[in-house]
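A.B. asks: coords below, sequence missing:
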């Protein structure tokens, strides 16, 4: 039986690439709306979309709350990371103009530090400073991080 991965986004088109990659990896992918419950046979959750998530203004997706309660793996990208942070009581992201695209639409490059013990460092097999391409305009500062979350890159 294929593992069932649930994908939640505020707009269906926002996750097309993520859904395609999960299907190629051999997962059964189900799309869910913000208020949909998590199916009982779900093996994980993906939250991915562009744009801001405003704690207090946008409700935390029901499937996210249920995935946290069930201790399921969660992959949160952009909007999804902001929603995950809000679910843990974190604050809204802050503007990071130094990471934004320039006037020609070329993404910026900057350095991040991958922390020891973080998921990213364990997946790539090491920690330390790496250069990354960036198209985001916001970020979650350490003081705005939700309780229970660990910073894996900053």
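C.D. replies: On my side now, so go ahead. Small disclaimer: the values here were computed from a predicted structure and weren't measured. Numbers count the residues shown, from 1 in each chain.
A.B. asks: where along the chain do the strands fall?
C.D. replies: According to DSSP state E, the chain carries its strands in the segments 4-8, 28-32, 42-49, 74-78, 94-95, 108-114, 128-134, 138-139.
A.B. asks: what about residue 66, neighbour count?
C.D. replies: 18 (other CB atoms under 10 Å). Every C-beta, even on glycine, is put in place using the N, C-alpha and C of the backbone.
A.B. asks: Report the contact partners of it.
C.D. replies: Neighbouring residues of residue 66 by CB atoms under 8 Å, 6 or more residues apart in numbering: 37-38.
A.B. asks: Then residue 73?
C.D. replies: Contacts of residue 73 (CB under 8 Å, 6+ apart): 43-45.
A.B. asks: between the residues you listed, which is nearest residue 151?
C.D. replies: residue 45 (20.4 Å; CB to CB).
A.B. asks: Count the residues that sit near the closest residue to the closest one other than its chain neighbours.
C.D. replies: Distance criterion CB to CB, 6 or more residues apart in numbering; nearest residue to residue 45, sequence neighbours excluded, is residue 67 at 4.2 Å. The number of residues packed near residue 67 is 23, by other CB under 10 Å.
A.B. asks: Same check on residue 122?
C.D. replies: Neighbour tally, residue 122, other CB under 10 Å: 13.
A.B. asks: And the one 4 residues further on, by the same measure?
C.D. replies: When neighbours are defined as other CB under 10 Å, residue 126 has 11 of them.
A.B. asks: Now distance to residue 122 too, for the strands of the chain, in JSON lines please.
C.D. replies: Shown next, in JSON lines, are those (distance: least, CB to CB, whole Å):
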{"stretch": "strand 4-8", "distance to residue 122": "20"}
{"stretch": "strand 28-32", "distance to residue 122": "25"}
{"stretch": "strand 42-49", "distance to residue 122": "17"}
{"stretch": "strand 74-78", "distance to residue 122": "14"}
{"stretch": "strand 94-95", "distance to residue 122": "27"}
{"stretch": "strand 108-114", "distance to residue 122": "10"}
{"stretch": "strand 128-134", "distance to residue 122": "13"}
{"stretch": "strand 138-139", "distance to residue 122": "22"}
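A.B. asks: Point out the most buried one among those strands.
C.D. replies: Of those, the one with the most neighbours on average (mean count of other CB atoms under 10 Å) is strand 4-8, at a mean of 24.
A.B. asks: list the helices and strands it packs on?
C.D. replies: For strand 4-8, the packing partners by 3 or more CB pairs under 8 Å, 6 or more residues apart in numbering; DSSP states H and E come out as helix 16-24, strand 28-32, strand 42-49, helix 62-70.
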